[in-house]
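Colleague: Predicted model, plus sequence, below.
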Amino acid sequence: MPNPSVSCKHEGCEKPSDGGKGYCARHYAAWKRGRLPKARYKSCRVEGCRKPVTGRGRCAEHFARDYPGKQAAATGETPTPAPRRSDARGRKHDAREARFRRCAQRPN
(Lines give C-alpha, C1' and ligand atoms only; values in the text may rest on other atoms or scores of the structure.)
Protein backbone atom coordinates (compact mmCIF):
# COMPACT_ATOMS: atom_id res chain seq x y z
CA MET A 1 0.00 0.00 0.00
CA PRO A 2 1.52 3.37 -0.96
CA ASN A 3 2.44 5.63 1.95
CA PRO A 4 2.79 9.28 0.82
CA SER A 5 3.98 10.43 4.27
CA VAL A 6 7.28 8.53 3.81
CA SER A 7 9.87 9.47 1.17
CA CYS A 8 10.94 7.16 -1.64
CA LYS A 9 13.34 4.40 -0.56
CA HIS A 10 15.52 4.88 -3.66
CA GLU A 11 18.83 6.44 -2.68
CA GLY A 12 18.83 10.23 -3.09
CA CYS A 13 15.11 10.59 -3.91
CA GLU A 14 13.01 12.80 -1.64
CA LYS A 15 9.64 12.39 -3.39
CA PRO A 16 6.75 10.81 -1.43
CA SER A 17 6.44 7.04 -1.75
CA ASP A 18 3.11 6.99 -3.54
CA GLY A 19 4.04 4.55 -6.31
CA GLY A 20 4.19 1.26 -4.43
CA LYS A 21 6.81 -0.94 -2.75
CA GLY A 22 8.08 2.14 -0.92
CA TYR A 23 9.12 3.92 -4.13
CA CYS A 24 7.83 7.11 -5.74
CA ALA A 25 5.86 6.68 -8.98
CA ARG A 26 8.96 7.15 -11.14
CA HIS A 27 11.14 4.63 -9.29
CA TYR A 28 8.26 2.14 -8.93
CA ALA A 29 7.85 2.17 -12.71
CA ALA A 30 11.62 1.66 -13.11
CA TRP A 31 11.47 -1.24 -10.62
CA LYS A 32 8.64 -2.87 -12.56
CA ARG A 33 10.71 -2.67 -15.76
CA GLY A 34 13.72 -4.21 -13.98
CA ARG A 35 15.86 -1.06 -14.24
CA LEU A 36 16.76 -0.74 -10.53
CA PRO A 37 19.57 -2.72 -8.87
CA LYS A 38 17.00 -4.81 -6.96
CA ALA A 39 15.00 -6.02 -9.95
CA ARG A 40 11.40 -7.23 -9.92
CA TYR A 41 12.28 -10.52 -11.55
CA LYS A 42 15.13 -12.90 -10.89
CA SER A 43 18.24 -11.80 -12.70
CA CYS A 44 21.24 -13.71 -14.03
CA ARG A 45 23.56 -15.13 -11.38
CA VAL A 46 26.69 -13.97 -13.25
CA GLU A 47 28.35 -11.01 -11.50
CA GLY A 48 27.20 -7.68 -12.95
CA CYS A 49 24.62 -9.15 -15.33
CA ARG A 50 21.04 -7.94 -14.75
CA LYS A 51 19.33 -9.73 -17.62
CA PRO A 52 16.30 -11.92 -16.76
CA VAL A 53 16.85 -15.61 -16.07
CA THR A 54 16.00 -18.09 -18.84
CA GLY A 55 17.41 -21.30 -17.41
CA ARG A 56 19.46 -22.62 -14.48
CA GLY A 57 19.81 -19.14 -12.98
CA ARG A 58 21.44 -17.64 -16.06
CA CYS A 59 20.35 -15.32 -18.87
CA ALA A 60 20.23 -16.68 -22.43
CA GLU A 61 23.75 -15.43 -23.21
CA HIS A 62 25.40 -16.98 -20.13
CA PHE A 63 23.32 -20.15 -20.38
CA ALA A 64 24.63 -20.70 -23.93
CA ARG A 65 28.18 -20.01 -22.72
CA ASP A 66 28.04 -22.33 -19.68
CA TYR A 67 25.95 -25.12 -21.24
CA PRO A 68 26.99 -25.37 -24.90
CA GLY A 69 24.65 -27.46 -27.02
CA LYS A 70 21.70 -27.10 -24.66
CA GLN A 71 18.70 -24.80 -24.96
CA ALA A 72 16.93 -23.06 -22.09
CA ALA A 73 13.34 -24.07 -21.39
CA ALA A 74 10.63 -22.17 -23.26
CA THR A 75 9.66 -18.94 -21.53
CA GLY A 76 5.91 -19.31 -21.85
CA GLU A 77 5.76 -18.57 -25.55
CA THR A 78 2.61 -19.84 -27.17
CA PRO A 79 2.73 -21.50 -30.56
CA THR A 80 1.46 -19.39 -33.42
CA PRO A 81 -2.00 -20.44 -34.61
CA ALA A 82 -2.52 -21.81 -38.09
CA PRO A 83 -3.39 -19.16 -40.66
CA ARG A 84 -7.10 -18.77 -41.30
CA ARG A 85 -8.45 -19.43 -44.77
CA SER A 86 -11.46 -17.92 -46.47
CA ASP A 87 -14.19 -19.97 -48.11
CA ALA A 88 -15.95 -19.29 -51.43
CA ARG A 89 -17.97 -16.46 -49.89
CA GLY A 90 -14.91 -14.78 -48.38
CA ARG A 91 -15.72 -15.80 -44.80
CA LYS A 92 -12.82 -16.68 -42.53
CA HIS A 93 -12.66 -20.17 -41.02
CA ASP A 94 -10.05 -22.62 -39.92
CA ALA A 95 -9.59 -26.25 -40.96
CA ARG A 96 -11.51 -27.63 -37.98
CA GLU A 97 -14.61 -25.61 -38.89
CA ALA A 98 -14.34 -26.74 -42.51
CA ARG A 99 -14.19 -30.42 -41.44
CA PHE A 100 -17.26 -29.91 -39.25
CA ARG A 101 -19.16 -28.35 -42.14
CA ARG A 102 -18.25 -31.22 -44.49
CA CYS A 103 -19.40 -33.82 -41.96
CA ALA A 104 -22.64 -31.95 -41.29
CA GLN A 105 -23.45 -31.75 -45.03
CA ARG A 106 -23.10 -35.48 -45.68
CA PRO A 107 -26.35 -37.31 -46.38
CA ASN A 108 -27.18 -40.05 -43.91
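Modeller: Perfect, I can see it now.
Colleague: Domain map for the protein?
Modeller: Structural domains annotated on the chain: 1-39, 41-72, as defined by automatic domain parsing.
Colleague: how about the ones you listed in TSV, adding mean neighbour count and mean pLDDT?
Modeller: No exception for glycine: its C-beta is placed from N, CA and C like everyone else's. Formatted as TSV, those follow (neighbours: other CB atoms under 10 Å; pLDDT from 0 to 100):
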stretch	mean neighbour count	mean pLDDT
domain 1-39	14	83
domain 41-72	14	84
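Colleague: List of residues touching stretch 21-35?
Modeller: Around stretch 21-35, the neighbours that count as contacts under CB atoms under 8 Å, 6 or more residues apart in numbering are 3, 6-10, 13, 15-20, 36, 38-41, 43, 50, 52.
Colleague: Compute the first-to-last residue distance for that stretch.
Modeller: Stretch 21-35 has an end-to-end distance of 15 Å (criterion: CA to CA, to the nearest Å).
Colleague: same question, stretch 20-31
Modeller: Distance across stretch 20-31, first residue to last, is 10 Å (CA to CA).
Colleague: Same check on stretch 13-24?
Modeller: End-to-end distance for stretch 13-24, by CA to CA: 8 Å.
Colleague: Strands of the protein, start to end?
Modeller: Using DSSP state E, the strands found in the chain span residues 3-7, 16-17, 85-86, 92-93.
Colleague: for the record, mean pLDDT for the last one?
Modeller: Same thing as strand 92-93. Strand 92-93 carries an average pLDDT of 58.
Colleague: List the residues that contact residue 63.
Modeller: 54-56, 70, 72.
Colleague: Kindly recompute the last result at 10 Å.
Modeller: Each residue near residue 63 by CB atoms under 10 Å, 6 or more residues apart in numbering is listed here: 44, 46, 53-57, 70-73.
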